[in-house]
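Peer 1: Sequence unavailable; structure follows:
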Ligand SMILES: N[C@H](CCC[C@H](N)C(=O)O)C(=O)O
């Protein structure tokens, strides 16, 4: 069968988006890895799958798979592209869309300027919620990596994040520390590793070595985790502009227990068809 898909990106974090509302297909880990390959496949950081909701109060279900085939709980840049996709495909006429993800419900609003504002839910810091092996919740945890002791903020945005503050993201040892943090044994489901440079109380620069995808040009949930950790440490104040290698996001958070809002672009690159099965 030929599967129709759309290639999209959010600040260069790129996606294959598939409508399984009007099509039928099944993806196993090996198939996703092959499709994700940038030489032998289509090439993407994540696969986004649009399905009918299971909860009648929701408009859609949205499943997210990393390039390594692992299914994950949340994807911030993907959520914006999801909203653009279901609108452009006429799968909904709504401008405010409620969607189920493995990490919990999201509300997406398509704004008049075409950007998408996402209620990402409340950041969670309790180690069990991440999950992270620690006795208690702290703004910073010591993490032993390659005989170094790193001080990291640990946050769940539905998916797990470790945030390390660095002097300058351009010289940060992302290639060395990214994989070591991602697979650290204290993160039983692995973790996304963020490298945050504080520019001012309302601006940071950020690079993210993503779980299951490697370093990407942008990571929406990583931006949320970095801002939440920075505000919690007293380094930042809402709103915060986050400069990533692929572009910038604006994030707002009123503090513990409150939802975090992310606003940014979503771009369609091309439509395609791929033989499957
Ligand atoms: N690699 C992430 C999923 C994609 C997140 C990212 N692309 C975003 O925009 O939030 C994880 O394994 O949790």
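Peer 2: Yes, it's here. Predicted model, so just to flag it, every value in this text is computed and none were measured.
Peer 1: What pLDDT is listed against the residue most central in space within the chain?
Peer 2: Most central residue of the chain, judged by C-alpha distance to the mean C-alpha position with Cα atoms, centre = their mean, is residue 75 at 3.2 Å. According to the model's per-residue confidence, residue 75 sits at a pLDDT of 96.
Peer 1: dump the residue contacts of it.
Peer 2: Listed by Cβ atoms under 8 Å, 6 or more residues apart in numbering, the contact partners of residue 75 are 46, 48, 64, 159, 220, 221. For glycine as for every other residue, the C-beta is placed from the backbone atoms N, C-alpha and C.
Peer 1: The same query, at a cut-off of 10 Å, please.
Peer 2: 10, 13, 15, 45-48, 62-66, 81-82, 101, 103, 106, 157-159, 210, 219-221 (Cβ atoms under 10 Å, 6 or more residues apart in numbering).
Peer 1: isn't residue 26 right up against residue 276?
Peer 2: Yes. Taking Cβ atoms under 10 Å as the definition, residue 26 is a contact partner of residue 276 at 8.6 Å.
Peer 1: circling back: also within reach of the ligand: list those from the contacts of residue 75.
Peer 2: Within the set of those, contact with the ligand (Cβ under 6 Å from any ligand atom) is found for 13, 45, 46, 66, 159, 210, 219, 220, 221.
Peer 1: The last one looks like it's in a helix, true?
Peer 2: Yes. With DSSP: H, G, I helix; E, B strand; the rest coil as the criterion, residue 221 is part of a helix.
Peer 1: Looking at per-residue confidence, what score does it get?
Peer 2: According to the per-residue confidence, residue 221 scores 98 in pLDDT.
Peer 1: surely it meets residue 155?
Peer 2: Yes. The pair residue 221 / residue 155 is scored as a contact, 9.0 Å apart, by Cβ under 10 Å.
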